[in-house]
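K.L.:
fold the following.
(chains A and B)
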Amino acid sequence: MDFSLIFDNWELFLTGLGNTVWLVSLALIIGGILAVPLALSQAYNVPYFGKLSLWYSYALRGTPLLVQVYIIYYGLGQFESVRNSVFWVLLKDPYFCALLGFSLNSAAYASEILRGAIVNLPKGLIETAYACGMTRWKVIRRIALPIACRRSIFAYSNEVIFMLHGSVIASTITIVDLLGAGRRLNSQYYVTFEGFITVAFLYMAIVAVISLAFRQIEKRYALT
Amino acid sequence: METMLEFLPLVLSGVTLTISLALTSVVVAIVCGLIGAAMKLSSVGILRILGGTYTTVVRGIPDLVLMLLVFFGGQILINSIGDKTGLWTYVEVSPFWAGSLSIGFIFGAYMTETFRGAFLAVPNGQIEAAKAVGLAPRRYLLRVVWPQMVPHALPNFTNNWLVLMKTTALVSIIGLQDVVYNANQAGRTSQEPLTFLVLTFFIFLGLTLLSDIGLRKIGRVYAIREN
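P.N.:
Residues are numbered from 1 along each chain as shown, chains lettered A, B, ... in the order given. A predicted model of the protein is given here:
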């Protein structure tokens, strides 16, 4: 095995690393924001919208991310009207499609975690808040959501790692993410192991960083 | 609608491959998981370290990366070992086995945690009592520990199975003609990619729903009745 190839091509891996990191981070942020209304509507049984978001979450958690990304990237172009619309600039861009797919998927998982945390909040806590004369919105904003978020940190750390692992799918729609960099190196130099082993170690390193970061976050914010 | 009917057999043959791949992988995963759990619970230090390395390494690497390594690297590795030792000449790893072995190996790491947790959930007194009445290890593991492990392991097992089934979609990338690969093919030929990808989406959703309901039924059978 010739690992000097990797040092000669460190820029390729840096690009890949950068793309993976920003795709995953942005997807997690967008997904996290979307998850709040999804989880609230489910937890509070909002008419129609609650059921709808329940199904949304189940469907996106029950199907492969690969298929979801393919639908967005390869599927939507089937219609002339889509290809002629203003959205086509975005939808023909693999980065946008990957980001959209990852965000929608992450929203489904995050909403399930948050919904569980809201539903399982201690009854007394919420009743006390109402007894203090808070309105429903105020209870949600000041009591239910912050505490539910802090109680779901542990489960969410797993979701972050899953999102990182899932993000390798970006490499199948022409994006040079970390795995894409490894695949490119392998095909450029006709090697088998070097690129994949390098990215395997880099992914493990990212997972280690995420785990360490979450341990700190848990120490400071997590509630049980 | 007509194009859909035309390509339906192709897509359905993909479904069979997906299901048989998932079932083969889950068997491999259960075997790997039981071995892994035994290693992690063992009193031999080196086995515990090996088991721990297995679970941390596998859970740190994305499944597709491992799959590509096994698929492209495994073949070369096996043949170079054969060359050096002279035990075998040329072995061709079929994509099906590369896929199911790597998926099984990956999910074995998750199963390890599931089985280990379930084993630890069985009260120690049960094992001590079984030993006290003179049951041999093989006997009490099978008759006392295993039936009590199953209800503890089932929720996690269900979860692992659902994730495993979705992971099989990745084998389309290494050229296995599973449902995703065939649907893509059908979509390209008919120039209706969305139709077939959405069909695939619902096929997977159906498989998830079915397993969800089925495994929940099994869970009810095995549930520990509190007296």
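
K.L.:
could you use CA atoms for every contact and neighbour count after this?
P.N.:
Fine.

K.L.:
can you pull out the strands in chain A?
P.N.:
Taking DSSP state E as the test, none of chain A falls into strands.

K.L.:
list, one by one, the residues from it near chain B.
P.N.:
A:59, A:62-64, A:66-68, A:70-71, A:74-78, A:164-166, A:168, A:172, A:179, A:192-193, A:196-197, A:199-201, A:203-204, A:207-208 (Cα under 8 Å from any Cα of the partner chain).

K.L.:
out of the residues you listed, which are buried?
P.N.:
A:59, A:62-64, A:66-68, A:70-71, A:74-77, A:164-166, A:168, A:172, A:179, A:192-193, A:196-197, A:199-200, A:203-204, A:207 (16 or more other Cα atoms under 10 Å in any protein chain shown).

K.L.:
off-centre distance for stretch B:122-142?
P.N.:
29 Å (Cα atoms, centre = their mean, to the nearest Å).

K.L.:
ranking helices and strands of chain A by mean pLDDT, which lands last?
P.N.:
Lowest on mean pLDDT, DSSP states H and E among the helices and strands of chain A sits helix A:80-84, with a mean of 80.

K.L.:
count the residues that sit near the nearest residue to residue A:42 once chain neighbours are set aside.
P.N.:
Leaving aside its chain neighbours, residue A:42 sits nearest to residue A:50 (4.4 Å; criterion: Cα to Cα, 6 or more residues apart in numbering or on different chains). Residue A:50 has 19 neighbouring residues, counting by other Cα atoms under 10 Å in any protein chain shown.

K.L.:
which residues does residue A:50 contact?
P.N.:
A:38, A:41-44 (Cα atoms under 8 Å, 6 or more residues apart in numbering or on different chains).

K.L.:
10 Å instead?
P.N.:
Each residue near residue A:50 by Cα atoms under 10 Å, 6 or more residues apart in numbering or on different chains is listed here: A:37-44, A:56.

K.L.:
out of those, which are buried?
P.N.:
So, by 16+ other Cα under 10 Å, the buried ones in the contacts of residue A:50 are A:37-43, A:56.

K.L.:
what's the closest of these to chain B?
P.N.:
residue A:56 (11.4 Å; Cα to the nearest Cα).

K.L.:
picking that back up, could I have the least confident helix or strand of chain A exported to PDB, CA atoms only?
P.N.:
Taking Å, rounded to 0.1, in the frame of the first residue of the first chain, the C-alpha atoms of helix A:80-84 are listed here in PDB:
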ATOM      1  CA  GLU A  80     -41.100  19.300 -18.200                       C
ATOM      2  CA  SER A  81     -42.700  21.800 -15.900                       C
ATOM      3  CA  VAL A  82     -40.100  21.300 -13.300                       C
ATOM      4  CA  ARG A  83     -37.300  21.600 -15.700                       C
ATOM      5  CA  ASN A  84     -38.700  24.800 -17.000                       C
END
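
K.L.:
residue B:60: how many residues sit nearby?
P.N.:
Neighbour tally, residue B:60, other Cα under 10 Å: 22.

K.L.:
my error: substitute residue B:154 in the last question.
P.N.:
20.

K.L.:
quick check: residue B:34 vs residue B:75, distance?
P.N.:
Counting by Cα to Cα, to the nearest Å, the gap from residue B:34 to residue B:75 is 26 Å.

K.L.:
residue B:147 is in contact with residue B:154, isn't it?
P.N.:
No - applying Cα atoms under 10 Å, one finds residue B:147 not in contact with residue B:154, separated by 11.4 Å.

K.L.:
got any residues that touch both of these two?
P.N.:
In contact with both residue B:147 and residue B:154: residue B:222, using Cα under 10 Å, 6+ apart.

K.L.:
not counting sequence-adjacent ones, nearest residue to residue A:151?
P.N.:
Residue A:151's closest residue in space is residue A:223 (Cα to Cα, 6+ apart), at 4.9 Å.

K.L.:
what pLDDT is listed against the one you found?
P.N.:
Each residue has a pLDDT score; the one for residue A:223 is 79.

K.L.:
and it, what does it touch?
P.N.:
A:147-154.

K.L.:
ok so, going back, other SSEs contacting the least confident helix or strand of chain A?
P.N.:
helix A:88-91 (3 or more Cα pairs under 10 Å, 6 or more residues apart in numbering or on different chains; DSSP states H and E).
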